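Trainee: Please find the sequence and the predicted model below.
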Amino acid sequence: MEIIIGENAGFCYGVKRAVDNAIKEAKTGVTYCLGEIVHNQNVIDNLEKERIIFINDIEEAKGKTIIRAHGVPKEVYEKARKINIPLIDLTCPSVLKIQKIVEEYSKKEFFIIIVGNNNHPEIIGIKSRAGNKYIVIANKEELNGNFEKFQYEKNILLISQTTHSSKKFDEIAKELKSRLNDNTNLEIKKTICPSTEIRQKETEKIAKKVEIMIIIGDKKSSNTNKLYDISCKYCNKVLFIANENELDIKEIESVNIIGIMAGASTPKEDIIKVKNKIEEV
């Protein structure tokens, strides 16, 4: 049996930075975190063991509080200031960049088209900086369904969630260019994180040459779900598991070549545990 593990599987820079710094902060005293620092239950459980307290509202905090990798709405900063809660901002640098761009273009009166999942924490934070002229879409069909909302706008910005599908963003950009008239000032910023694009391309490459593809990560993770969707296009059998405990050995007993890819919020140790369980076969 051959096992192919993606070279880019597991923690990305932004996630590793957030988790490592959260652990450091916890060692210096009681530390709160506003929302899940990343979308991975194993990571959350481990951080709770480090005595990090997860809260859903900044008003629940009684001391220093972490801003998670996905970022938060703009008003959280002001609310924390008013109630004297010190913030440790661990927002991913790539997300901070998008927030800054959206705020800048909103002030210039651009209509902003945000590509992503409307209910994702990253998008919720981005929307809070977009003013009143924006929409959130996930694909080309939603673009066309909302076209009348911005077809007469003179200035339009197209931007993306860091973990969205690269191919879907390209499809939306192409469709938008074809439908807008020549007088529209369209600016396209493909703000998908480079590591996300690399991971998606590697997933496709592996999925094309294996009998079964195993995607490791939390089902709440946007980027991990994209890896699953890509794998399903190119491999006949795909398993989506959170950890080695969810792997059914019967599914892989007669397989000769297996591919493994993991999301950006999946710890390396989870990948190793899945690999070890497969090798026991």
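Mentor: Good, I have the coordinates.

Trainee: what ranges do the helices span in the stretch 1-150 of the chain?
Mentor: For the stretch 1-150 of the chain, applying DSSP state H, counting those that start in this stretch gives helices covering 13-26, 41-49, 74-82, 93-107, 121-127, 140-145.

Trainee: who does the fifth one touch, helix- and strand-wise?
Mentor: Packing partners of helix 121-127 (3 or more CB pairs under 8 Å, 6 or more residues apart in numbering; DSSP states H and E): helix 93-107, strand 111-115, strand 134-137. To be clear about C-beta, it is placed using only N, CA and C from the backbone, and glycine gets the same treatment.

Trainee: how about a cut-off of 10 Å?
Mentor: In terms of contacts (3 or more CB pairs under 10 Å, 6 or more residues apart in numbering; DSSP states H and E), helix 121-127 is packed against helix 74-82, helix 93-107, strand 111-115, strand 134-137, strand 155-160, helix 222-234.

Trainee: Could you do the third one as well?
Mentor: With contacts defined as 3+ CB pairs under 10 Å, 6+ apart, helix 74-82 has these neighbours: strand 65-67, strand 87-89, helix 121-127.

Trainee: Residues touching it, excluding its own?
Mentor: Contact with helix 74-82 is made by 34-35, 57-59, 61, 65, 67, 72-73, 85-87, 89, 99, 103, 125-130, as judged by CB atoms under 10 Å, 6 or more residues apart in numbering.

Trainee: Of the helices and strands packed on helix 121-127, which stretch is the most buried?
Mentor: With neighbours taken as mean count of other CB atoms under 10 Å, these reach their highest mean count in strand 111-115, at a mean of 25.

Trainee: will you turn the helices and strands packed on helix 74-82 into a markdown table that also has mean neighbour count and distance to Phe147?
Mentor: Below are these laid out as a markdown table (neighbours: other CB atoms under 10 Å; distance: least, CB to CB, whole Å):
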| stretch | mean neighbour count | distance to Phe147 |
| --- | --- | --- |
| strand 65-67 | 24 | 35 |
| strand 87-89 | 16 | 37 |
| helix 121-127 | 23 | 20 |
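
Trainee: Take these and write them to JSON lines, including distance to Lys219 and mean pLDDT.
Mentor: JSON lines is the format used below for the helices and strands packed on helix 74-82 (distance: least, CB to CB, whole Å; pLDDT from 0 to 100):
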{"stretch": "strand 65-67", "distance to Lys219": "23", "mean pLDDT": "98"}
{"stretch": "strand 87-89", "distance to Lys219": "27", "mean pLDDT": "97"}
{"stretch": "helix 121-127", "distance to Lys219": "15", "mean pLDDT": "97"}
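
Trainee: closest one to Glu244 among those?
Mentor: Of all the helices and strands packed on helix 74-82, it is helix 121-127 that lies closest to Glu244, at 27.3 Å by CB to CB.

Trainee: Where do the strands of the stretch 151-281 of the chain begin and end?
Mentor: Under the criterion DSSP state E, counting those that start in this stretch, the stretch 151-281 of the chain contains strands at 155-160, 185-189, 212-216, 238-241, 257-262.

Trainee: okay, those strands, which one's buried deepest?
Mentor: Most buried among the strands of the stretch 151-281 of the chain, counting by mean count of other CB under 10 Å: strand 212-216, with a mean of 26.

Trainee: between that one and helix 222-234, how many degrees?
Mentor: Using axes from the mean of the first three to the mean of the last three CA atoms, to 10 degrees, one finds that strand 212-216 and helix 222-234 are set 170 degrees apart in direction.
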